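K.L.:
Need the 3D shape of this:
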Amino acid sequence: MPERRKYCIEVAPLARFIPEQSKPEENRYLFAYTITIRNVGSVPAQLVSRHWIITDANQTVHEVRGLGVIGQQPLLKPGESFRYTSGSQLATPVGTMRGSYQMMAADGTPFIAEIPEFTLAMPRVLH
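P.N.:
Modelled structure (predicted):
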């Protein structure tokens, strides 16, 4: 049986378009995204900060850095998960988000949890 990694966070994103808050005629497209963060490692770990890289269809890149997520810095014991929903605005109907969470293990070891790239897309824009 393989040894469980000491520091291991799984990140699962899910995005959706918010038509009622979008104004395509003004190049304003709003998206909500729900992120599930799960500690699959063997030590407790706290989410300290975030770094997002948001790219629209024009290849305009916007980076966001900040402490925690939605005003929280959740501490996850092994096997625990934390889910939150936030939002992003693009000037195009399609774009991507990716990034990382800066984590701190209970033993004082800092590590990075990668956020896999996911697509933000207005329905019926992508095939």
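K.L.:
For this structure, just list every one of the strands.
P.N.:
Along the chain, the segments classed as strands by DSSP state E run 9-17, 29-39, 45-56, 61-67, 75-76, 81-90, 94-105, 110-121.
K.L.:
Quickly run through the sheet partners of the fourth one, with directions.
P.N.:
Here strand 61-67 is paired, per DSSP bridges, with strand 45-56 (antiparallel).
K.L.:
since we're on Ala32, how many residues are nearby?
P.N.:
Counted by other Cβ atoms under 10 Å, the residues lying close to Ala32 total 15. From N, CA and C alone the C-beta is placed, and that goes for glycine too.
K.L.:
what's near enough to touch it?
P.N.:
By Cβ atoms under 8 Å, 6 or more residues apart in numbering, the residues touching Ala32 are 15-16, 18, 85-87.
K.L.:
Reformat those into a markdown table and put neighbour count next to each item.
P.N.:
Converted to a markdown table, the contacts of Ala32 look like this (neighbours: other Cβ atoms under 10 Å):
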| residue | neighbour count |
| --- | --- |
| Ala15 | 18 |
| Arg16 | 14 |
| Ile18 | 14 |
| Thr85 | 11 |
| Ser86 | 13 |
| Gly87 | 13 |
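K.L.:
Of these, which is the nearest to Ser49?
P.N.:
Ser86 (14.4 Å; Cβ to Cβ).
K.L.:
ok, the closest one touching Gly71?
P.N.:
No - counting by Cβ atoms under 8 Å, Gly71 is not a contact partner of Ser86; they are 10.5 Å apart.
K.L.:
picking that back up, among the strands of the chain, which is nearest Lys23?
P.N.:
Judged by Cβ to Cβ, the one of these that comes nearest to Lys23 is strand 29-39, at 8.3 Å.
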